[in-house]
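Student: Fold the following.
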Amino acid sequence: MRDGTILISESVTPGHPDKLCDRISDAAIDAFLRQDARARAVVECAVATGIVFIAARFAAEAVVDLPGLARRVIAEAGYVGEGFDARTCSILTAVSELPPADRGPAPGGARRRGRDRGLGGDGAGERLWLCDRRDARR
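Tutor: The predicted structure follows:
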């Protein structure tokens with residue numbers, strides 16, 4: 001496209017590993033902020049069959065049970081029973097404090113690195129998801 005936009009298409013179910021990881025990471029950030037409104041945290045997650053890995057770096061006056069939180073989110077997504085099970089999956093965590101330079105307020109406030117907009121259409125391929133990268137250039 002001439003204006004630098006990129007067209008992409010993605011559709012996944014709520015229990016898809018990417019969605020599950022997003023939900024776990026979001027729940028962890030929410031837990032830090034519930035305990036400390038000034039908390040700064042970076043939480044990443046990866047899942048594979050039977051295992052969850054959570055990496056968290058934070059500066060907060062908070063104690064968050066990351067394995068317990070992940071098990072709750074996984075169970076809410078319906079993973080209880082055979083196969084991937086919230087009650088029995090292995091959960092590995094890597095937790096560290098943010099360096100002092102990263103503890104202050106975000107310059108200019110928090111910004112998203114990208115923004116998705118949904119476009120509709122009734123023909124296959126006629127319209128796709130539009131990923132607007134203008135936010136990333138700010």
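Student: now the helices for the chain?
Tutor: Using DSSP state H, the helices assigned to the chain run over residues 17-35, 66-76.
Student: got the ones you listed as CSV, with mean neighbour count, mean pLDDT and distance to residue 8 columns?
Tutor: To be clear about C-beta, it is placed using only N, CA and C from the backbone, and glycine gets the same treatment. Formatted as CSV, the helices of the chain follow (neighbours: other C-beta atoms under 10 Å; pLDDT from 0 to 100; distance: least, C-beta to C-beta, whole Å):
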stretch, mean neighbour count, mean pLDDT, distance to residue 8
helix 17-35, 17, 94, 14
helix 66-76, 18, 96, 26
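Student: Can you tell me what sits against stretch 19-30?
Tutor: Applying C-beta atoms under 8 Å, 6 or more residues apart in numbering, the contact partners of stretch 19-30 are 12-13, 41, 43-47, 52, 54, 56, 64, 66, 69-70, 72-74, 76-77, 79.
Student: what's the answer for stretch 32-47, then?
Tutor: So stretch 32-47 is contacted by 17, 20-22, 24-25, 28-29, 52-64, 70, 84, 98, 102-103 (C-beta under 8 Å, 6+ apart).
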